[in-house]
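**Q** sequence first, predicted coordinates after that:
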Amino acid sequence: MDEQQNKSLSERIERLEAVVEELQRALKLLIQAAAQKDLEISVKARETLAPKEAPAEVLFQAPPPAPAKPSPRPPEPGPPARKAPAVSEAPWQKSEFWLNKIGIGLLLFGVVFLFKYSIDQGWLTPPVRVLFGLALGIGLFATGIRLHAKRRHFSLVLLGGAIATFYITGFAAFQLYSLVPYSAAFAFMAAVTVLAFSISLRQNEAVLSLIGAIGGLATPFLLYTPKGSLPGLVGYTCLILAGTSIIYLFRGWRSLLWVSVIGGWAVLIVGYGKGIPSGPGKAALRDLWALQSGILFMWLAFWALPVVREVLEVRSPGRWVPPSLDFLKVPVDKEAGLLMCRSTAHVLAVSTPLAALWFSRALWPLSSTAWGWISMGGMFVYGLSFWSLRRWDGLKNLAYTHGLMALALLTIALCLLLKGNVLFLTLAAEATILHLVSHRLSDRGTAIAAHILFGVLAIWLIFHQSWLYQQTSMKAEETTIFNARVLIDFAVIAAAFGVSRVLRSPLAVRLYRFAALIFLTVEFCVLLTGNVLFFTLVVEAAVLHLIACRLTDRDTALAANILSGIIGILLVRRLTGGFTFVFEPEGRAVLNWQAATDLAAIAIGVGVSTLFRSKAALRWYRLVAHLAVLGWFLREFYVLQNGQAYITTAWGIYGVILLVLGLRRNLGDLRTAAMGTLFLVVGKLFLVDLRMLEAIWRILLFLCFGGLFLVLSYYFRVLWKASPEPGSNK
């Protein structure tokens, strides 16, 4: 009936279009005729109004033709009035969407309550109840099929309710009433699952496949019997998942894929928890292999199949189009659909192998070495996948995900195959290579993986240094810098510092360099003590200053200044006897390792200051070195008999040397330091030496320094090589 009405309507439209064309042609002819008649009238009027004295040839000469007026074009029919686009309302925004779902839910609850009431009253026997459930399901199913063309959403609710009713009926017939044997009930439930899948494909509705997948996976548990076998459960589950995988391959319903993923792994977990017999018997081995077969099948179904569909979409985009939001039937643009589909493949490419590896390790009591080689095999599989996918322009990101997954499996394999120091060094080498690859390819994801791996190494290094400190403090193990484990620590720290040279982010560069310097300093503090530790820190600070000067790196210079500040505090502590000014020499005055170490540290600090471009930093470093020299003399000579005299003499000679150098080289800062030192000597003569020294020492010191100051004042201008004034001829 509908086809006849459509045909009649199309014939009427064709006749109307023909009539309109005839009218347009007639109107055009009328307009042309009216224009020709106007031209003839104008010619006759000119002949009538012509002057009589005009020559004959003029009279008989045809008037010049009037310029032809362009014939007016027939009015073209304007474009049809555009109707305001109807605002498409999403299904969940319609009242019908909620009403029909609430209605089917209430209906099913009502049926359940009716069954219970009938059982309580004794009205319906079990066979009648089962037949009533079948009749209700058939009625809902038939009504849904009939209304699908006109009321699609309402039809889906009825079809979903019918399938759910069939599952409930089969469950009640077997579990509650024991009316049918297990084989018949199982066959009925399987038929319902096949019906749900076929109807979903025929109607192109994903929600029906979801109901079928959930019911199909739940069937073994709804029809549970103690005689059930684990291989049968795994085989049936794989059969259901094969159906859902084929549907996903051709329709691309991601919601069905995720239901399959969650349901499939859930079935295996439940089967592993309850189905494996204890003991090393054939039954246990059979169940283990059944579960392992299911794991391998799910690995292929949940990883390989989505990747195959992505490849098909790229090769034949017209045939394998990305689906919309199939569960709610919400149309999305092409880019959003591609992104969501690709995200599904990315997530499963990462999660599926990890889940399969974890589950397999839980099944088989193999050694770590065996699992390491198995992980290495998985690394090769994903590496080949990366190599194959990278050839397609539309699959670069998916190939990249497989490359990272291969890297993760390689790391897992190394952790399982190697132990201790070898593993630590290997992971450091892997992280370094990743950073170099990231720098070469400008690849952010590889850099993130390398950062994560270096973070793991940093945590490992912290624990190792803590253990090393405990061993050293308890003297349980002799720790030297030539220990293999210590050398590996230094190698990892050097790798982190070297990697900072190729990093692009300034924040990452600072973080790596400061972390490397902190770990290096802590390693020295754990391994070394006393003068060796102090001198090592001084050398470290000097090397940092040299690197900062060579590379013009402010961050390294900052780290060197911080370390130099710490060394300055340690030096003050050493020169003041731990801030108590109680001096206990380690040996003979001046001729001891502490004195030599401190003097070498002061000399290195003065040498490092020559590298500075900042005058302020140079003055600070040299001022600290100058004060350290004074403190060094104080500590070394204080414990000697008449040590105050030696201290005053040493300070005075040191001040004179500085003054002479400052005058000869015209260095104002050096002259200032020298004069301050000499004034300090004078103050010490009056405040300390007068009270603490014997008379002979006081006489000698005052006479000697008095004469020395007179000589300096006499030769002051001779020694001073002042710079020539501007404009002089010198």
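**A** In hand now; what should we look at? Residues are numbered from 1 along each chain as shown.
**Q** ranges for the helices of the stretch 501-650 of the chain?
**A** In the stretch 501-650 of the chain, the segments counted as helices under DSSP state H, counting those that start in this stretch are 506-527, 530-551, 554-575, 593-609, 615-638, 643-664.
**Q** buried ones in the longest one, by neighbour count?
**A** Neighbour-count burial for helix 615-638, with 16 or more other C-beta atoms under 10 Å as criterion, is recorded at 618, 620-622, 624-638. The C-beta positions use only the backbone N, C-alpha and C, and glycine is treated the same way.
**Q** sorry, back to before: right, and the helices of the stretch 501-650 of the chain - which one's nearest Ser10?
**A** Ser10 lies closest, by C-beta to C-beta, to one member of these: helix 506-527, at 69.6 Å.
**Q** what's that closest one packed up against?
**A** helix 444-474, helix 484-499, helix 530-551, helix 554-575 (3 or more C-beta pairs under 8 Å, 6 or more residues apart in numbering; DSSP states H and E).
**Q** what is the burial count for the closest residue to Thr369 other than its chain neighbours?
**A** Ranked by C-beta to C-beta, 6 or more residues apart in numbering and with sequence neighbours excluded, the top spatial neighbour of Thr369 is Leu417, at 6.0 Å. Look at Leu417: counted by other C-beta atoms under 10 Å, it has 18 neighbours.
**Q** ditto for Gln465
**A** Look at Gln465: counted by other C-beta under 10 Å, it has 18 neighbours.
**Q** below-threshold pLDDT in this structure: ranges please.
**A** In the predicted model of the chain, residues 1-9, 33-125, 275-282, 321-342, 471-482, 578-588, 698, 712-730 satisfy pLDDT under 70.
**Q** the domain parsing of it - what is it?
**A** With domains defined by automatic domain parsing, the chain comprises 2-50, 97-228, 229-365, 641-724.
**Q** reformat these as TSV; add mean neighbour count.
**A** As requested, the domains of the chain are exported to TSV (neighbours: other C-beta atoms under 10 Å):
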stretch	mean neighbour count
domain 2-50	10
domain 97-228	17
domain 229-365	17
domain 641-724	15
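**Q** looking at those, which is nearest to Ala516?
**A** Among the domains of the chain, domain 229-365 comes nearest to Ala516, with 30.7 Å by C-beta to C-beta.
**Q** confirm that Tyr224 sits in a strand.
**A** No. Secondary structure of Tyr224 (DSSP: H, G, I helix; E, B strand; the rest coil): coil, not part of a strand.
**Q** can you pull the contacts of it?
**A** Tyr224 is in contact with Gln175, counting by C-beta atoms under 8 Å, 6 or more residues apart in numbering.
**Q** now the domains of the chain as a markdown table including distance to Arg510?
**A** A markdown table is the format used below for those (distance: least, C-beta to C-beta, whole Å):
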| stretch | distance to Arg510 |
| --- | --- |
| domain 2-50 | 74 |
| domain 97-228 | 51 |
| domain 229-365 | 31 |
| domain 641-724 | 33 |
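**Q** nearest to Phe519, out of the ones you listed?
**A** Checking the domains of the chain against Phe519 by C-beta to C-beta gives domain 229-365 as the closest, at 30.6 Å.
**Q** quick one: the helices of the stretch 501-650 of the chain as a markdown table, columns for distance to Ser200 too.
**A** A markdown table is the format used below for the helices of the stretch 501-650 of the chain (distance: least, C-beta to C-beta, whole Å):
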| stretch | distance to Ser200 |
| --- | --- |
| helix 506-527 | 50 |
| helix 530-551 | 66 |
| helix 554-575 | 62 |
| helix 593-609 | 78 |
| helix 615-638 | 77 |
| helix 643-664 | 96 |
